[in-house]
Each structure stands twice: as C-alpha cells, then as structure tokens.
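Test case, fold it:
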Amino acid sequence: MFELLSSLGSWVKRQEITTDNAVFRLHYMFTALLLLCFSAIITASQFIGDPIECMGDKSIPGNVRMIELESSFGLVNPAGHEDEKKYYTYYQWVVFVLFLQAMLCYFPKWLWDMWESNLLSTIVVGLNYGMITEEEKESKKKTLIDYMLKHIKHHNMYAIKYFFCEVLCLINIIGQMYLMNAFFDGEFMQYGRKVTDFSDMDQDNRIDPMVYVFPRITKCTFHKFGPSGTIMRSDFLCVLPLNIFNEKSFVFLWFWYIIIATLLSALVLFRIAIIALPSTRAHIFHFYNRIISKDTAAAISRKTSLGDWWVMFMLGSNMDPLIYREVMSELAKKIEISSSNSL
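So this is what the prediction gives:
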C-alpha cells in the first residue's frame with residue numbers, strides 16, 4: 001500500500017520544460033493524484049477493514065457478499081416527518097468512480113501533450129541553463145531566433161489548442177460535480193454547505209449530512225424459501241466502516257472542486273481577455289517577464305500573432321532570464337525590421 005502511494009507521489013515532480021499553466025497543473029496533477037490516492041486507500045481493505053460487516057442469520061450462505069452487491073437501506077427522519085427508507089446502492093462503485101474521475105482529470109494533459117509534440121523543448125535547445133559557453137549560447141540563440149522569424153504567424157493553432165485544453169479542464173470539473181451529484185442521488189451539490197451548516201442547526205431536528213449520504217449502519221432485508229416453500233424474511237444489520245473515510249474524503253473533494261472550478265473560471269476569463277483585447281498582451285507580457293523592457297514587450301505584442309505571442313510568452317518560463325532578455329530584444333528588432341520591409 002505504501003509502495004503504491006509513494007509511486008503515485010512521483011507523479012508530482014518538477015518539469016524541466018513547462019508547457020502549461022499552474023492552474024492547469026493543479027487540475028491534471030494534484031486533483032488526479034488526490035482522486036487516485038482516495039481510490040487506493042478505499043481499495044486497501046487491510047488498512048480500513050472489511051467494506052461491509054453484517055449481523056444476522058448465519059445460516060444464509062454468502063449473505064454479506066450478496067448484500068454488498070445489491071443494496072441496503074437506512075431509516076431517516078427529515079424535519080420531523082415519519083421515518084422513511086433511503087436505499088444505498090452506490091457504495092460498491094465509489095472506488096471505480098474515483099478512478100474514472102482521475103482519468104478524466106488527466107485527459108486534458110494527455111491531449112495537450114499529444115498536440116504540443118515537445119515544441120517548446122525543441123526550440124529552447126538547452127537555453128534553460130545559464131552555465132553554457134558563450135559560443136554555444138550564441139549558436140543556440142541564433143537557432144531559436146531563426147526559427148521564430150521563419151515561422152512567424154504560424155503558431156495560432158498552438159495557442160488555440162492549449163486554451164481549448166484549459167476550457168476542457170473547466171468543463172471536466174463542472175461535469176464531474178454533476179456526475180457525483182447524480183451518483184449520490186442529488187446530494188453532492190449541497191454536501192459541503194450542509195456539513196458546514198450542520199453544527200448551527202437545531203439538535204432536535206437536524207440530520208448529519210455525512211451520515212445521511214454515507215451511513216455507517218444500515219439495514220438489509222433478505223428473502224429465502226423456508227422448509228415448506230413459504231418465503232421467509234431475514235433482517236441484517238450492516239456496518240459500513242469504509243463510509244467513515246468516504247464521508248470525510250468527499251467533504252474535502254467538494255471544497256477542492258469549488259476552489260479549482262473558481263480558479264479555472266478565472267483563468268478562462270483571463271484567456272478570453274487575451275484573445276479579445278490584443279492591447280492587453282504587452283502589459284501581460286511585461287508583468288510576467290519584468291526583465292524584458294516595456295518597449296520590447298510592446299514591439300513583440302504589436303507585431304506578432306496570438307500564437308507567436310504565446311510561444312514567446314511561454315519561453316520566459318523555460319529559459320535563463322538573461323538569455324531570454326537577449327533573445328527577446330533581438331527578436332523585437334528583427335521583427336520590427338521585417339515588418340518595415342514588408343510595407
């Protein structure tokens with residue numbers, strides 16, 4: 001179990017060349033890892049205990065397994081009304097749903113890696129290290145500048161595909177919230193809020209939302225034929241120890257999904273502003289790369305397309321700062337000259 005969790009921990013490692021945004025990484029890296037860890041912990045019954053323990057007629061063979069595969073129910077009393085049955089059929093599928101969610105969180109990363117095809121790694125050509133010889137630095141700078149000049153205004157699809165993957169992350173998170181809401185019979189959307197409000201409710205009428213969604217004790221009814229052929233009813237009291245972990249993990253997931261959905265929504269709005277308001281690109285370029293002068297940032301933003309601007313913007317996260325300043329200054333001058341000659 002510990003070896004499995006440690007191997008999952010290797011998922012979170014610093015990338016030598018970053019081709020994405022920090023919020024994007026929170027989605028495919030942290031969220032997917034969190035879901036996989038929860039799935040692995042639930043699967044590890046040797047640490048949590050048996051998934052279900054039933055007390056009842058011992059003469060019925062395989063009763064625990066049959067009840068686990070079917071369903072159980074609990075008696076709830078909402079707002080002072082008469083007790084009513086609530087059936088629970090989803091607990092056996094929780095581990096599979098968590099694993100599916102982790103794969104869905106990683107899908108935008110997989111798609112972006114396929115589309116990106118190591119473009120940034122190729123054009124950076126080792127300029128992310130400052131400790132190189134002057135001759136090697138000049139040669140690699142020339143290669144990078146020649147590439148950008150030769151492929152000027154040919155990177156729009158590169159940026160659009162990346163922005164699409166960020167939108168896909170937001171769609172995925174919102175979709176997963178609705179998926180979990182349907183999976184838990186409409187209880188997930190308000191789950192976290194109900195948990196935080198629980199302590200302020202009237203003790204005589206309140207129901208613990210964690211116990212309501214993830215009951216620790218349920219009742220199961222089993223029917224069998226008696227000696228004379230008459231159907232006999234047997235009742236079982238079932239303990240679900242895994243739900244002690246489930247109730248806490250899904251509270252955490254509820255709050256985390258709200259946070260990541262908010263961050264992704266803000267990020268998508270930011271991308272829309274970059275696309276719709278080209279005048280903002282120079283300010284953004286200089287804000288994130290203060291080592292570049294405002295004139296250089298303005299020249300690059302004014303004379304290049306969205307895709308070229310994005311590639312040069314991302315180079316700032318993957319190159320030695322001093323080398324990056326030199327490259328951007330030279331590029332800005334050559335782009336200005338090229339633009340003047342084309343008039």
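
how about the helices in the stretch 101-250 of the chain?
Ranges of helices in the stretch 101-250 of the chain, per DSSP state H, counting those that start in this stretch, are 119-124, 134-150, 156-183, 191-197, 209-213, 242-276.

Including mean pLDDT and distance to Ala332, could the ones you listed go into JSON lines?
Placement of C-beta: from N, CA and C, glycine included. Below are these laid out as JSON lines (pLDDT from 0 to 100; distance: least, Cβ to Cβ, whole Å):
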{"stretch": "helix 119-124", "mean pLDDT": "90", "distance to Ala332": "17"}
{"stretch": "helix 134-150", "mean pLDDT": "89", "distance to Ala332": "11"}
{"stretch": "helix 156-183", "mean pLDDT": "94", "distance to Ala332": "19"}
{"stretch": "helix 191-197", "mean pLDDT": "80", "distance to Ala332": "49"}
{"stretch": "helix 209-213", "mean pLDDT": "73", "distance to Ala332": "58"}
{"stretch": "helix 242-276", "mean pLDDT": "91", "distance to Ala332": "19"}
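
Among those helices, which comes closest to Lys303?
The closest of these to Lys303 is helix 134-150. By Cβ to Cβ, the value is 11.4 Å.

which strands and helices sit next to the closest one?
helix 119-124, helix 306-315, helix 321-341 (3 or more Cβ pairs under 8 Å, 6 or more residues apart in numbering; DSSP states H and E).

chain center to that helix: distance?
Taking Cα atoms, centre = their mean, to the nearest Å, one finds the center of helix 134-150 at 37 Å from the center of the full chain.

Ok, stretch 329-341 next?
Worked out by Cα atoms, centre = their mean, stretch 329-341 lies 41 Å from the chain centre.

Averaged pLDDT, that stretch. What do you get?
Averaging pLDDT along stretch 329-341 gives 81.

re earlier: name the stretch among the helices and strands packed on helix 134-150 that sits most buried.
Across the helices and strands packed on helix 134-150, averaging neighbours per residue (mean count of other Cβ atoms under 10 Å) puts helix 306-315 on top, at a mean of 21.

List of residues touching that one?
Residues from elsewhere that reach helix 306-315, judged by Cβ atoms under 8 Å, 6 or more residues apart in numbering: 18-19, 119-120, 123-124, 148, 152-160, 162, 274-275, 278, 281, 284-285, 288-289, 300-301, 304, 324, 327-328, 331.

follow-up on the earlier one: so which of the helices of the stretch 101-250 of the chain gets nearest Trp112?
helix 156-183 (4.4 Å).
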